[in-house]
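> Quick check, what structure comes out for this input:
(one chain, ligands or ions: 1)
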Amino acid sequence: MSDLAPSLLIAYGSQTGNAESISKHLHEEALARGYASTVTVLDDYEQVEQNHPNAVLVIVISTTGDGDFPDNTQKFFRWTRRGAKDKLAAAFNARKFAVLALGDTNYTNFCQTGKRIERRLIELGAVTFQPKGLADDATGLEAVIDPWVANMWSLLPSLVVCDQEKARRFADRAAAPTSSILKKQKLDDNKVEEKKDTATETPVAVIPPATTATAATTVSDPMDIDIPLHYTPYKFPISLTGVPTSSDQVTGAALLPTEYLSITPTQSTRSPLDSSKASLFHLFPNTPSSSTDPFTYTPSTLFASKIVGHRYLTGDKALKRVLEVTLDVKGLNWTVPAGAVVGIAAPNPDFVVLPLLKRLGIEAETVLDVKLGAGETGVGALPFVTDAPYTAYEAFRYFLDLNPPLRKPFLRIMAEYASDEAERAALLFLTSTAGAALFKSLKQANLSLADLFATFPSVTSLPLSRLLESLTRLQPRFYSISRINNALGTISIAFNIVEYTNPITQQPVVGLCSTWLESLVKGAGDMIVPLYPKPNVVFGPPADVETPMVLVAAGTGITPFLSFLQARAEAAAAAGKTPGETVLFHGRRFVEADRIYGSEIDAYVAAGVVTRFVEVQSREEGGFKYVQDAVLGEGNDVWRIVGEQKGSLFVCGGVEMARDVHAAVGKICGDAGRVEGGDVGVKNYLKALTAEGRYLKEIWS
Ligand SMILES: Cc1cc2nc3c(=O)[nH]c(=O)nc-3n(C[C@H](O)[C@H](O)[C@H](O)COP(=O)(O)O)c2cc1C
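Next up, the predicted model:
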């Protein structure tokens, strides 16, 4: 009897789509190599595994937040810790598995989730068939992923049953210098379109229609805002040094991913173009309009909240505008706790969607029938699942990430459809090992999909199925709630309007969600914001209002702390207690212009809820420059509160700031022998504080 497992099961956990995309491509390649393969999101693992009890398991998982599990793995990880012993044993005992972890060394907890999952599965009796891969986004994921995956393919024949005929065909394809199917076709096909340089094409500019929807209460509206209406795609100048001009000269190009989606444009059309309406909701007919359980709402059953107020929190001198938006969430029936977070599903802007559809030759109004190809079984392989069939416009506007990170499998697919030989060669070269430096320079330019098509204008006939296979789902954007009114059923969020110039392409870049929300308050839509409450948020103030705490924020990192202070003031008043000592550090650029929630904090200071407010300005003379300098400067107090009085320390803001504050706190702990054991002692001490929930961070990149 063979010891080989009957199949391969690829399970992913992904916050922004990288692990998802990698897993789907692994799955497709596994099928092409002759393995019976299934791909699933980790949260569905328990159910999917029952149909594949003896499969070899490959886990691809990213780390998010501050060493946290992606949202679509939380259920899985909880189950591995607290699930029924017999079920866990059945699922994992003697299971052969390997972990490919994605992370970024800019974060303190590099690839933490991959490490934890591997450790936990080993505890449950599973056995690794190759060491985990730790891929680093800071230096380029491919440097680790490519050899890790190559090693996996070399080991799988001794682990999983393989269809030898398919394996042989695959080996033949791999041995061919490049896929020549399209090339041959082109030689005989006079109908191939003339090369068109779309970089010079004028993109369609869509002017959002004016609305008569209820106007928001504008407290202050300091300036006229230009809402972007169009985007001119950027053609990346590829340096031709060392780049082969003919595809025959390219060696070691990536293999063409197998096609797995079947997309049929149906005869029906639906006019989808009224983007002033929250048309997203007709795609989710089963979504309850209200529910007694707020967590019924998820990324695929969104709640329709309504903007009922807005104001700018920054002054004219500020370099970035901070907008506060107040949303009616009564129907959620959610008693919102301090520190709560909502995920907002912002659509792609029409000025990106419509030119892209035009570029691909797709009618926006056509209803699509999207299915897995014949013989496909992977439950996680569909790019999105909704209750209703949708139009091309809806798919592009609401469901697809149109700014994906540059990925080699997609470049390989583009090469297949490039009608210009030099472009085809360049695209193939980009996927090869020899093209690594060029790939890196293109990746660093953060090109959008539109830029990529402008860079390779001869890719004109890319089928929709190929594009959808390569794109991942548009992810919700998360916002900490700053102000809560549970009686009225409203919440407020405050955020920077993201706008900057891409340093490499010099193109303007705008944030998807922040600019969309701003456009709504400027009258570009019907003020409906699809959202859901993020479950399992642990970032909240200590339960006992007398526990002292230190809060460290930079910029809009102040937002969750507003809710902490509000909760503390209310709980102290209700219990007739004096709130514990609270030191709040807030870093910003300018004293006045960036004093986000300044008057609210002044009121908390006056009421004794904030006992010390340390304001730090990086662009003003005098005082501490950065918040980490202030934390270090106030080290004695920080230690007294956290170390001696067993208080709590919370940090919220960007990743660099959190790293620098972490270093400052480490120094405070190590100074004067406060924590013994040198660097290792301090590291373990801070780890223990985190485990106790007394040192928590909310971080974004
Ligand atoms: C907000 C945010 C937080 C992150 N936190 C961590 C972290 O704590 N540790 C780490 O190793 N990587 C961290 N990363 C890096 C991601 O794991 C990495 O970019 C990965 O490629 C993302 O994969 P995904 O798209 O499948 O989620 C973070 C990335 C973001 C955007």
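> Could I get the buried residue list for the one helix or strand V367 maps to?
Using DSSP states H and E, V367 maps to strand 366-372. Using 16 or more other CB atoms under 10 Å as the test for burial, strand 366-372 gives T366, V367, L368, V370. (C-beta placed from N, C-alpha, C; glycine too.)
> how about those residues in TSV, adding pLDDT and distance to A167?
Formatted as TSV, the buried residues of strand 366-372 follow (pLDDT from 0 to 100; distance: CB to CB, whole Å):
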residue	pLDDT	distance to A167
T366	85	39
V367	85	39
L368	84	34
V370	80	29
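> Among these, which one sits closest to the ligand?
V370 (22.1 Å; CB to the nearest ligand atom).
> Quick check: nearest residue in space to the closest one, chain neighbours excluded?
In space, V370 comes closest to I263 once its chain neighbours are excluded; the distance is 5.2 Å by CB to CB, 6 or more residues apart in numbering.
> do the same with I484
Counting by CB to CB, 6+ apart, the residue nearest I484 is V336, at 4.6 Å.
> So the one you found: helix, strand or coil?
coil (DSSP: H, G, I helix; E, B strand; the rest coil).
> quick one: contacts for it?
Residues near V336 by CB atoms under 8 Å, 6 or more residues apart in numbering: V329, I481, I484, N486, I491, P533.
> Okay, now the unreliable bits of the stretch 301-450 of the chain?
374-388 (pLDDT under 70).
> how about a cut-off of 90?
301-304, 315-320, 350-351, 359-395, 398-399, 404-405, 407-409, 433-434, 436-437 (pLDDT under 90).
> helix/strand/coil for L102?
At L102 the chain is in strand, as set by three-state DSSP.
> Okay, and the beta partners of it?
Counting by DSSP bridges, L102 is bridged to S62, A135.
> got the contact list for it?
N18, A19, I22, V60, I61, S62, T63, C111, G114, A135, D137, L141.
> where does the residue of the stretch 551-700 of the chain found nearest the ligand land on pLDDT?
Relative to the ligand, the nearest point of the stretch 551-700 of the chain is W700 (4.8 Å; CB to the nearest ligand atom). As predicted, W700 sits at a pLDDT of 82.
> Just confirm it contacts V655, I think it does.
Yes: using CB atoms under 8 Å, W700 is in contact with V655, at 7.0 Å.
> So which residues on the chain come close to the ligand?
14-20, 62-67, 70, 102-104, 107, 109-112, 137, 141, 700-701 (CB under 6 Å from any ligand atom).
> Now, the residues you listed that are in strands?
Counting by DSSP state E, the part of these found in strands is S62, L102, G103, W700.
> which among those end up buried?
Buried among these (16+ other CB under 10 Å): S62, L102, G103.
> count of residues packed around the closest residue to the ligand within the stretch 251-400 of the chain?
Residue nearest to the ligand within the stretch 251-400 of the chain (CB to the nearest ligand atom): V341, separated by 12.2 Å. The local packing of V341 (other CB atoms under 10 Å) involves 18 other residues.
> Residue of this protein nearest the ligand, please.
Closest point on the chain to the ligand, by CB to the nearest ligand atom, is G103, at 2.4 Å.
> In contact with that residue: list those residues for me.
With contact taken as CB under 8 Å, 6+ apart, G103 is in contact with S62, T63, F110, C111, Q112, G114, L134, A135, D136, D137.
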